[in-house]
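Participant: here is a sequence together with a model predicted from it:
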Amino acid sequence: MVWKECLPKRRVFDTMLPCFVYENSTCRGNGWASREGWRAPIITRVCHESRAIAFETGRVLFPEDDPNVPAYIESMWSDSTTDIVAQYWRPGLESVVYWAIDDPDPYLFHYASRYQGAMIAEERLQAALQSTNTSDWTILARLKDCYVCLANPVMIHLTRREMLASQLFGRLGEEYTQLIDPADQQTLKKFHQLARTSSQQLPETMKFFDQLCTPSFQSQMHTWSHDTMSHWIWKEWLKEKQTNFSGIARPDLIWMGPPTPTNGRPFDPLSPHSFTQQGLFVPNLLDASRFSYNGNHPWVREKLAAAPRFYPRIMIRPCIQQCWRPRTPPRRGRPRGHYRAGGR
C-alpha cells in the first residue's frame, strides 16, 4: 500500500538533546532535529486511512501516561519496528541534569530491548574501556548490538526543499538522523555532494568531509572495531587476573605480540605490565598497536561470543536554521510599520 511506503524506514529517537552534550558545535540545529524526530509521521495528518496505517505499528507516548518518557518531552512518536534509541551521555555530565532522573540509563535500556537497536557516544565507550572503574563497563555489557556515534554529529545546512529533493533523509524528509557506516563511501560521497551544492556550510562540516578520504582516517576506521574488542577482552582479562586465571587453560596464549622486556624486566605473559603502554597517565591500558587477542583461544572465543557488538557510525543531520548567519539581538519596542487594530 502506498501509505506504508510513506512511513519512515528508520528513525533515531533521542532520549536527551545532543545540543546539551556537543556544546562545542556552532550549529543550532541539533535540538531542532531531535524535536522533529519526536513528532508523529506526516501521514498521520493526511486522512483517516493513512493515520490507521501509521498506528498499526506506532503510537504517541506522553510522560504522564508512560514513566519511561523523559519529562522534558511533551509527547513523542514511538514505533518499535523502525526506531533506534540514542543516548549522548558521556563522563563529565554527572552533575548536569537534563533528564527527569539523575541516571539516564533506564531510558536507554528500556527502549533498547524493544526497539531495533541502541546508540551511545564513543566518548562513553572509550572511557568505560580505559577506566580502572568497571561500573560503567559492566553496564554497557548488558547491551547486545549497539551503534557508536563517532565524534560530533555532522550538520549539513540546507533548505527544506533541498532536503526533500536529495532523498537522503527519507522519502518525506522525516528521517532527521542518519547513521552511516564509515565503510560506505558511496553514501558518504552523496552527503558530501549535498553539502557542496546546498546552502552555505559551516567550516566544521566541510573539514569533516575533506578528511574522509585521507589515509589516516581510513586506517583508523579499518581498525576501530578490532581495537575496541581488544580493549573489551583486555577488561575481561584483568578481571580473570584477580583470580589468577582459575579454570582457564593456557592463559599465557591469550595475547599475541612481541615478547619484549618492559623497563628491564623479562616479558611475563601473565603480567599486565608486559602489555600496557608505557608513559601514559592511564594505568593498565592495553597497547593495541603491539598486542592483539588470540582468536583461536577457547576463552577468547567464549568472551567474544558474549560481548556486545559495537558498530561505528557517522551521524549526519540536516539543519535549516541558517547557522552561518550571525545572531542578531532582538529589537526592543514596537517594530517599524507595526499596525495595531483600533490605533490612530
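Facilitator: Structure's in. What do you need? Numbers count the residues shown, from 1 in each chain.

Participant: top strand in the chain by residue count?
Facilitator: strand 309-319 (DSSP state E).

Participant: pull out the buried positions in that strand.
Facilitator: Within strand 309-319, the residues that count as buried by 16 or more other Cβ atoms under 10 Å are 310-319. For the C-beta atoms, the positions are set from N, CA and C on the backbone; glycine is no exception.

Participant: what residues does that strand touch?
Facilitator: 27-30, 32-33, 119, 122, 125, 144-150, 153-158, 163, 169, 173, 176-182, 188, 191, 221, 224-225, 228-229 (Cβ atoms under 8 Å, 6 or more residues apart in numbering).

Participant: sorry, back to before: and the buried residues of strand 309-319 as JSON lines, adding pLDDT and distance to Ser199?
Facilitator: Below are those laid out as JSON lines (pLDDT from 0 to 100; distance: Cβ to Cβ, whole Å):
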{"residue": "Phe310", "pLDDT": "93", "distance to Ser199": "34"}
{"residue": "Tyr311", "pLDDT": "93", "distance to Ser199": "31"}
{"residue": "Pro312", "pLDDT": "94", "distance to Ser199": "28"}
{"residue": "Arg313", "pLDDT": "94", "distance to Ser199": "25"}
{"residue": "Ile314", "pLDDT": "93", "distance to Ser199": "21"}
{"residue": "Met315", "pLDDT": "91", "distance to Ser199": "20"}
{"residue": "Ile316", "pLDDT": "92", "distance to Ser199": "15"}
{"residue": "Arg317", "pLDDT": "91", "distance to Ser199": "14"}
{"residue": "Pro318", "pLDDT": "91", "distance to Ser199": "10"}
{"residue": "Cys319", "pLDDT": "88", "distance to Ser199": "9"}
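
Participant: bridging residues for the spatially most central residue of the chain?
Facilitator: In the chain, the C-alpha nearest the mean C-alpha coordinate belongs to Cys149, at 2.9 Å (Cα atoms, centre = their mean). Counting by DSSP bridges, Cys149 is bridged to Ala121, Arg313.

Participant: next up, the contacts around it.
Facilitator: 86, 88, 119-122, 179, 313, 315.

Participant: are any of these buried, and if so which?
Facilitator: 86, 88, 119-122, 179, 313, 315.

Participant: give the contact list for Val60.
Facilitator: Per Cβ under 8 Å, 6+ apart, neighbours of Val60: 40, 75-78.

Participant: can you rerun that using 6 Å?
Facilitator: Under the criterion of Cβ atoms under 6 Å, 6 or more residues apart in numbering, the neighbours of Val60 are 75, 77.

Participant: perfect, I'm done here.
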